[in-house]
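[1] Here is my input, please return the structure:
(chains A, B and C)
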Amino acid sequence: MKSVFEENLNPEQLEAVKHIDGPLSVIAGAGSGKTRVITYRVAYLIDQGIKPNRILGLTFTNKAAGEMRQRASSLLGRPLPPPLMRTFHSFGVRVLRNEIQHLGYTKRFVIYDEDDSVRAIKEAIKSLKLEKGPFSPKEARVAISREKNEVGLDRSLPLRKSSHLTLLRAISESYHSILKRNNAVDFDDLILLPLRLFEDYPRVLRSYQKRYRYVLVDEYQDTNAPQYRLVKMLCRGHKNICVVGDPDQSIYRWRGSDIRNILNFEKDFPGARKIVLEQNYRSTTLILDAANSLIRNNSQRSTKNLRSLLGEGEKVHLFIAEDYEIEADFVVSTIQKLVQKQKLKYRDIAVFYRTHAQSRIIEEYLLAEKVPYAVVGGVSFYRRKEIKDIVAYLRIIASPSDLISLLRIINVPSRKIGKVTLDKLAAASLKKRLTMYEMAKEADSLTKVSPSTRKTLKSFVQMMDEFREKAKSTPTDELTKEIIARIGYYEMLKKSFPEDAEDRIDNLRELIDTMTSFLEDNPDAGLDDFLERISLISDVDTWEDEKNLVSLMTVHNSKGLEFDAVVIVGLEEGIFPHINSLDDHDKLEEERRLCYVGATRAKRFLYLTAAESRLRHGEYQANEESRFISELLDDRCD
DNA sequence: TTTTAGGGCTTTTTT
DNA sequence: AGCCCTAAAA
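    From the prediction side, this is the model:
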């Protein structure tokens, strides 16, 4: 009798699933059943008697991790523990929560996002007493992050003057000492600090090596050097590593991901088995032909050609609009046509663009025609001012040494604590070697600050201490409501933002709802757990595919998804490929891979659009048709 | 000393 | 839309 594995997998997939011990790489073309292989393989391992908690699957988004765990558990007919599949970053957090004391932080560390990091770098620059440097705090953050993500690579920083390099080193050092003082880590640290732990504390490494006997890495083409090193260290003893990826879908090189990781796998793991999946189960032939003919123009790739069994299907449609408004109008009428004539649901349709800025005009036209839609990403929920403000309160409650959060809200709503007072407070805290929070608690010793301001500082600290006490016995959603009421945040919003205060209040209500449902799913979760959760959430994670809405997103965000109909807009030289990539061969190939990712999301209908003229920075600008159009179509279009 | 208003600038992609 | 900077009001 055939098992569920033989029944549902083709020979190559089955081979990958049944490979148990030793290194294995699976080159999985777009739509070739990559997720299926991973979930069946996990189920197979467990079926063979391997305990679920000995398996570690690493992905890039929580959504992918959750989906794979769910599918594996429904295959097995029993629930699986959450740690089985997780993101690189949440794995890093888990390691740090257990071991970070070795590195001089405490368990309740906070995770800084990019905005927080930029603020911390500003503080760093300030403490070095630098006037306007050769780069902005934002640029410094990018350079520092880049350096951190290239640990182990011999690429040097892209700076010409060595004086800049020295300066950057100084800023970096100061930034990291601020992070440590604040008991904070940035995104990069979530990988780098576990790596350092593993390198410097062999006992710690051994305990993780012993625990995870089977390691699986999804989207392997997008791992960067530190992530790769982390994985290699974990598998050093048993070499039971399975990586799944597709070099043609590598689109995060700019973030340090290294295509060589997947191309060199066999060198790093001698004797590795390699399986190539070329059978595509997603798209019709004409769509796949277009994608294949596009990607053939890249010189850096492992030769592989996807085959479809789904029949020829519809031709790829091309529409060149005179301007971007006509393009938007075409997108909307196409969506309506697909819904009426092809009986597609809104949720089966997606619009992809190269940059977020392109979404606005599409949204306008969708809104006007009452087509329901959802934008994935953009100004993401957790980066909105009102959300970040309230989260900053929660962070200080969890971790009083968090200076960046303190600076954010100590005067929000206004408590008449301005720049001058803060400077005095900072100077005094430096002198007494106290955190700013501790210094505010002892405001009485601040002789240079007026008595009334001293009182304000003390009562602020007292309030926060009260909240901290309360947090021990109050659920996070209740606590948040109390904070908002106590500080009069809604009233402040109404005063400061008369136009959109209601929207902002709604956002905060949504935040509280998120907490409530998080508590329902995780009854034992405390404030720390919630803060960790929202730090690691990505745009795609918040996308709700069960609602019947047209999806709008960047091509980057579309990775790993599929839709019956896909519209890729703005196929113009300078937009897609992006202007910053035009004069660099490698960057151009990455743009092409990005376009390939977008095109291969489509199951049955693929539309390409471009505008001959587009409003940019207040001026009309004429754009050439993207080279990708002819590479894709090659006379196969309508 | 703090707050407010106005002008300039920004975004390529993100865990 | 939000942030920084500056100058003037409160």
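
[2] In the stretch 201-350 of chain A, where is pLDDT below threshold?
    Counting by pLDDT under 70, the stretch 201-350 of chain A has low-confidence residues at A:303.

[3] Give me every residue in chain A lying close to DNA strand C.
    A:119, A:122, A:379, A:384-385, A:500 (Cβ under 7 Å from any atom of the strand). Yep, even glycine has a C-beta here, placed from its N, CA and C like the rest.

[4] what's whichever residue of chain A sits closest to DNA strand B sitting at in phi/psi?
    Relative to DNA strand B, the nearest point of chain A is A:G418 (2.5 Å; Cβ to the nearest atom of the strand). Note on A:G418: its backbone torsions stand at phi -100, psi -170 [degrees, to the nearest 10].

[5] what residues are up against it?
    A:N411 (Cβ atoms under 8 Å, 6 or more residues apart in numbering).

[6] How are the strands of the stretch 51-200 of chain A distributed by residue range?
    A:55-59, A:85-87, A:110-112, A:184-186 (DSSP state E, counting those that start in this stretch).

[7] Mean neighbour count and distance to DNA strand B added to those, as JSON lines?
    Below are the strands of the stretch 51-200 of chain A laid out as JSON lines (neighbours: other Cβ atoms under 10 Å; distance: least, Cβ to the nearest atom of the strand, whole Å):
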{"stretch": "strand A:55-59", "mean neighbour count": "24", "distance to DNA strand B": "8"}
{"stretch": "strand A:85-87", "mean neighbour count": "24", "distance to DNA strand B": "5"}
{"stretch": "strand A:110-112", "mean neighbour count": "23", "distance to DNA strand B": "10"}
{"stretch": "strand A:184-186", "mean neighbour count": "24", "distance to DNA strand B": "8"}
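
[8] Quick one: closest of those to A:P202.
    With Cβ to Cβ as the measure, strand A:55-59 is the member of the strands of the stretch 51-200 of chain A nearest A:P202 (19.1 Å).

[9] who's in contact with the closest one?
    By Cβ under 8 Å, 6+ apart, strand A:55-59 touches A:38, A:42, A:45-46, A:65, A:68-69, A:83-88, A:91, A:212-219, A:231, A:234.

[10] List buried residues within the residues you listed.
    A:38, A:42, A:45-46, A:65, A:68-69, A:83-88, A:91, A:212-219, A:231, A:234 (16 or more other Cβ atoms under 10 Å).

[11] residue contacts, A:R108?
    Applying Cβ under 8 Å, 6+ apart, the residues contacting A:R108 are A:183, A:398-399, A:528.

[12] So which of the residues of chain A next to DNA strand C sit within helices?
    A:119, A:122, A:385 (DSSP state H).

[13] Please work out how many residues are found near the closest residue in space to the last one that isn't next to it in sequence.
    Same thing as A:K385. Nearest residue to A:K385 in three dimensions, chain neighbours excluded: A:R504, at 7.8 Å (Cβ to Cβ, 6 or more residues apart in numbering). A:R504 has 20 neighbours, counted by other Cβ atoms under 10 Å.

[14] In this structure A:R504 contacts A:K495, no?
    No. In this structure, A:R504 is not within contact of A:K495 by Cβ atoms under 8 Å, at 12.0 Å.

[15] Next, work out how far apart the residue of chain A closest to DNA strand B and A:K388 are.
    From A:G418 across to A:K388, the span is 20 Å (Cβ to Cβ, to the nearest Å).

[16] Next: A:Q221.
    On the measure of Cβ to Cβ, A:Q221 and A:K388 end up 33 Å apart.

[17] same check, this time on A:T334
    A:T334 is 37 Å from A:K388, by Cβ to Cβ.

[18] Can you get me a residue count around the residue of chain A at minimum distance from DNA strand C?
    Distances between chain A and DNA strand C by Cβ to the nearest atom of the strand are smallest at A:K385, namely 4.5 Å. Other residues lying near A:K385 total 15 when counted by other Cβ under 10 Å.

[19] Let me know the pLDDT of the residue nearest to A:Y489 when sequence neighbours are not counted.
    Nearest non-adjacent residue to A:Y489, counting by Cβ to Cβ, 6+ apart: A:P413, 6.5 Å away. A:P413 carries a pLDDT score of 86 in this model.

[20] residues in contact with A:P413?
    So A:P413 contacts A:487-489, A:491-492 (Cβ under 8 Å, 6+ apart).

[21] how close does it sit to A:S496?
    When A:P413 is compared with A:S496 (using Cβ to Cβ), they lie 9 Å apart.

[22] so where do the strands sit in the stretch 301-450 of chain A?
    Going by DSSP E, counting those that start in this stretch, the stretch 301-450 of chain A shows strands at A:307-308, A:317-323, A:349-353, A:373-375.

[23] Contacts made by the last one with the rest, please.
    Contact partners of strand A:373-375, identified using Cβ under 8 Å, 6+ apart, comprise A:346, A:359, A:363, A:366, A:543-544, A:547, A:549-553.
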